[in-house]
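Engineer: Sequence first, predicted coordinates after that:
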Amino acid sequence: MGHLDHAAFGWLTPVLSYAMACIGAALGLRCTVRALGATGRSRRNWLLAAASAIGTGIWTMHFVAMLGFSVSGTEMRYNVPLTIVSLLVAMVVVGAGVFAVGYGRDRGRALALGGLTTGLGVASMHYLGMAALRLHGDVHYDPALVGLSVVIAVVAATAALWAALNIKSPVAVAVASLVMGGAVSSMHYTGMIAVSVRVSPSGEALPGATAMQFIFPLAVGLGSYLFLTAAFVALSPTTGEREASASAQRPVETIAR
């Protein structure tokens, strides 16, 4: 059995991955709040932004954490197409959950469906990302811990969507984001504790790309996307601000006439 190290760089990767999960959650929640106050094309666009933010944040969290993962006795590589598929799955399935909440007429049913769909999307992304891992040996999972990680993902997603429906103030959203980031990180490390590796030493070259060749540059790019999205959301006027601006302009137009 190979020795697994989940924090080869100390606290750097766990803390940074948690920060990325929190940023993605905060953006997703703020975009969902904006969507619920909008109509038509604007609502759809805000929901798309929410799905991309949450999906990107979760994916980046996973692979930043994986930068600190190592197995003694073997190198590791990542299958590039499957890694990209895991990112797309995160965005698409999370998007389905967010849209269920954004357009659902029955809030309770929409929340249950959206939480389940989004949670399963988070878990699917995690295990697809793990399936992309290439090493000299066989990877095994503890079924009980895998099941627990999926439950954590569903509960975390449901709680986050409930927050989007019921919490409006920026401070409350920030607190909810910290909680969701912790839940997503807990799901990840629960899933990683479920992993065991039986190493089969070999001199053959592994297919795929190393984490620093592929994962790190992509994570940096997606992290930059999250920060740019954060700036866009922060600078965009809320529905209340637009209504206040429109109300302030009406008396001026009346006087001009």
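Structural biologist: Arrived safely, thanks for sending.

Engineer: going forward, measure contacts and count neighbours with C-alpha atoms only.
Structural biologist: Fine.

Engineer: Grab the longest helix from the protein for me.
Structural biologist: Counting by DSSP state H, the longest helix found in the chain is helix 40-66.

Engineer: Quick one: list the elements packing against it.
Structural biologist: helix 12-36, helix 80-103, helix 107-131, helix 170-193, helix 216-235 (3 or more Cα pairs under 8 Å, 6 or more residues apart in numbering; DSSP states H and E).

Engineer: Point out the most buried one among the ones you listed.
Structural biologist: Across the helices and strands packed on helix 40-66, averaging neighbours per residue (mean count of other Cα atoms under 10 Å) puts helix 12-36 on top, at a mean of 25.

Engineer: angle of that one against helix 40-66?
Structural biologist: Angle of helix 12-36 versus helix 40-66, following axes from the mean of the first three to the mean of the last three Cα atoms, to 10 degrees, is 170 degrees.

Engineer: Could you measure from Val71 over to Gly203?
Structural biologist: Going from Val71 to Gly203 by Cα to Cα, to the nearest Å gives 16 Å.

Engineer: Tell me which residue lies nearest the centroid of the protein.
Structural biologist: The centroid of the chain falls nearest to Ile58 when counting by Cα atoms, centre = their mean (2.2 Å).

Engineer: Can you tell me the closest non-neighbouring residue to that one?
Structural biologist: Ala21 (5.5 Å; Cα to Cα, 6 or more residues apart in numbering).

Engineer: Report the mean confidence score over stretch 155-165.
Structural biologist: In this model, stretch 155-165 has a mean pLDDT of 79.

Engineer: list the buried ones in that stretch?
Structural biologist: 155-165 (16 or more other Cα atoms under 10 Å).

Engineer: Return the alpha-carbon coordinates of it using PDB.
Structural biologist: This file holds the C-alpha atoms of stretch 155-165, laid out as PDB (Å, rounded to 0.1, in the frame of the first residue of the first chain):
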ATOM      1  CA  VAL A 155     -26.700  18.700   2.200                       C
ATOM      2  CA  ALA A 156     -24.200  21.500   1.400                       C
ATOM      3  CA  ALA A 157     -25.800  22.200  -1.900                       C
ATOM      4  CA  THR A 158     -29.300  22.300  -0.400                       C
ATOM      5  CA  ALA A 159     -28.200  24.600   2.400                       C
ATOM      6  CA  ALA A 160     -26.500  27.000  -0.100                       C
ATOM      7  CA  LEU A 161     -29.600  27.200  -2.300                       C
ATOM      8  CA  TRP A 162     -31.800  27.700   0.700                       C
ATOM      9  CA  ALA A 163     -29.500  30.600   1.600                       C
ATOM     10  CA  ALA A 164     -29.900  32.000  -1.900                       C
ATOM     11  CA  LEU A 165     -33.700  31.900  -1.500                       C
END
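
Engineer: can I get the helices and strands packed on helix 40-66 in TSV with distance to Pro207 and mean pLDDT?
Structural biologist: Shown next, in TSV, are the helices and strands packed on helix 40-66 (distance: least, Cα to Cα, whole Å; pLDDT from 0 to 100):
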stretch	distance to Pro207	mean pLDDT
helix 12-36	25	85
helix 80-103	10	85
helix 107-131	13	85
helix 170-193	22	84
helix 216-235	18	71
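
Engineer: Just confirm Val71 contacts Asp5, I think it does.
Structural biologist: Yes: the pair Val71 / Asp5 is scored as a contact, 6.4 Å apart, by Cα atoms under 8 Å.

Engineer: Of the two, which one has the most company?
Structural biologist: Remark: of Val71 and Asp5, Val71 carries more neighbours, 20 against 13, as counted by other Cα atoms under 10 Å.

Engineer: Quick check: phi and psi at the more buried one.
Structural biologist: phi -130, psi 130 (degrees, to the nearest 10).

Engineer: ditto for Trp162
Structural biologist: Dihedral angles for Trp162 - degrees, to the nearest 10 - are phi -60, psi -40.

Engineer: could you measure it against Ala35, distance?
Structural biologist: In terms of Cα to Cα, Trp162 sits 14 Å off from Ala35.

Engineer: What of Pro201?
Structural biologist: Distance from Pro201 to Ala35, by Cα to Cα: 53 Å.
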